[in-house]
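K.L.:
from the sequence below, what's the structure:
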Amino acid sequence: MASAAAGPDDTVIDVRNGRRLGYATFGDPDGRPVVNCHGGLMSRNDIALAAAAARELGLRIISPDRPGIGLTDRLPGHDIVGWVRTDLTDLMDALELDRVCAMGWSAGGQRALAAAHVLGDRVERVAVVAGCLPVDDPRRRAELSALDQRLLRWSEDSVGLAKAFFRFTRLLASRAPRYLVKTSAAELEGDETGALAEHTAWFGKAMAEGSHDPAGQVDDYRAFGAPWGFEPEDVAVPVVIHHGTEDRLAPVAWADALGRRIPDATVTIYPGVGHLIGVTRAREILESLTTP
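P.N.:
Modelled structure (predicted):
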């Protein structure tokens, strides 16, 4: 399937195996580099609303699409460690980035931790935003939202159903983003509903590109549900964890559990905040990456 259309913030490069990788850049073009690992069902644009804050803080956010998402070609069968060793390493080498910070929202959190594990001292700090524990354990998977449980099950056992859902998601995101916002608001808390409605165009674009290739989204969900390939205890760089008490997609208890397992972790809990923390608390999250 052809890639999505590139925009003014986007670049597409060649990576190994004859594939193409797309990424967006936000913030200060000469700033401290931060690799953003986008959330599930989203794309490189999930961090776009933080561009102004990144610029003010002197951060250059580099946000790649994962395989089969948006501007990036598929890499069937990839896992999160393999993604770091292929796409992310190729991207950093192409941009001549010796060291970066890494951040990830929701399902992107484990990708950011994988970057720290694989790349070692090439990663300075990590921010995990409304992130997850490994969900290959059925008991922990049962703590996810009903939608994520269903999509994981379909992506693993009923691929046709999963692809049909992702096609429908893209249709809504492209042609009826206000309706998509309305249906998504059921998973949000308090003033987050208004924040999502305010940014309907952003949400629709990020979701449409996230579901551009249904097969790629199946690959992404399979990687999300698979074993990480490392333990949280193996992450040897400072990690800051941000989580809201009212998160209905990733339980807040996971933040403390993850923090206890990572040797150098700081956990910040936001009372009354839900899963849209990546939007409503973007500046605080980015500030946590500027600490020496």
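K.L.:
any regions of the chain where pLDDT drops low?
P.N.:
1-6, 190, 292 (pLDDT under 70).
K.L.:
where exactly do the strands run in it?
P.N.:
10-15, 19-27, 32-37, 59-64, 100-105, 123-129, 239-244, 265-270 (DSSP state E).
K.L.:
return the most buried member of the ones you listed.
P.N.:
strand 100-105 (a mean of 28; mean count of other Cβ atoms under 10 Å). Yep, even glycine has a C-beta here, placed from its N, CA and C like the rest.
K.L.:
nearest to S184, out of the strands of the chain?
P.N.:
strand 100-105 (14.7 Å; Cβ to Cβ).
K.L.:
who's in contact with the closest one?
P.N.:
32-39, 42, 46-47, 62, 92, 110-113, 115-116, 122-131, 277-278, 285, 289 (Cβ atoms under 8 Å, 6 or more residues apart in numbering).
K.L.:
if we can go back for a sec, any chance of the strands of the chain in a markdown table, plus distance to E198?
P.N.:
Below are the strands of the chain laid out as a markdown table (distance: least, Cβ to Cβ, whole Å):
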| stretch | distance to E198 |
| --- | --- |
| strand 10-15 | 24 |
| strand 19-27 | 19 |
| strand 32-37 | 21 |
| strand 59-64 | 21 |
| strand 100-105 | 18 |
| strand 123-129 | 19 |
| strand 239-244 | 18 |
| strand 265-270 | 19 |
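K.L.:
which stretch among those comes nearest D137?
P.N.:
With Cβ to Cβ as the criterion, D137 lies closest to strand 123-129 of those, at 18.4 Å.
K.L.:
tell me how far the nearest residue to L147 once chain neighbours are set aside lies from L249.
P.N.:
Closest residue in space to L147, ignoring its immediate chain neighbours: E187 at 7.6 Å, by Cβ to Cβ, 6 or more residues apart in numbering. For E187, the distance to L249 equals 6 Å [Cβ to Cβ, to the nearest Å].
K.L.:
overlap of the contact sets of those two?
P.N.:
145, 275.
K.L.:
so which of the strands of the chain gets nearest A215?
P.N.:
strand 19-27 (14.3 Å).
K.L.:
ok, the closest residue to G244 other than its chain neighbours - contacts?
P.N.:
Leaving aside its sequence neighbours, G244 sits nearest to V273 (Cβ to Cβ, 6+ apart; 3.0 Å). Listed by Cβ under 8 Å, 6+ apart, the contact partners of V273 are 189, 192, 244-247, 280-281.
K.L.:
how much space between V273 and T193?
P.N.:
Distance from V273 to T193, by Cβ to Cβ: 13 Å.
K.L.:
was I right about V240 contacting T268?
P.N.:
Yes. Using Cβ atoms under 8 Å, V240 is in contact with T268, at 6.8 Å.
K.L.:
hey, what's in contact with both of these two?
P.N.:
S288.
K.L.:
the helix ranked longest in the chain: which residues count as buried?
P.N.:
As assigned by DSSP state H, the longest helix anywhere in the chain is helix 159-175. For helix 159-175, a neighbour-count test (16 or more other Cβ atoms under 10 Å) marks 162-163, 165-166, 169-170, 172-174 as buried.
K.L.:
what's across from P33 in the sheet?
P.N.:
P33 has these beta-bridge partners by DSSP bridges: R60.
K.L.:
any idea where the helices of the stretch 101-250 of the chain begin and end?
P.N.:
Using DSSP state H, counting those that start in this stretch, the helices of the stretch 101-250 of the chain run over residues 108-119, 138-141, 146-157, 159-175, 177-184, 192-198, 200-210, 214-225.
K.L.:
my read: A53 touches A282, true?
P.N.:
Yes. A53 is in contact with A282 according to Cβ under 8 Å; the separation is 5.7 Å.
K.L.:
with adjacent residues omitted, what lies nearest to Q149?
P.N.:
R141 (6.3 Å).
K.L.:
got the contact list for the one you found?
P.N.:
Counting by Cβ under 8 Å, 6+ apart, R141 has contacts 135, 149, 152, 225.
K.L.:
can you tell me which of those residues has the most neighbours?
P.N.:
V135 (24 neighbours; other Cβ atoms under 10 Å).
K.L.:
next, give phi and psi for that one.
P.N.:
Dihedral angles phi and psi of V135 (degrees, to the nearest 10) take the values phi -110, psi 20.
K.L.:
how much space separates it from M103?
P.N.:
20 Å.
K.L.:
and E187, by the same measure?
P.N.:
From E187 to M103 the distance is 21 Å (Cβ to Cβ).
K.L.:
now A201
P.N.:
In terms of Cβ to Cβ, A201 sits 23 Å off from M103.
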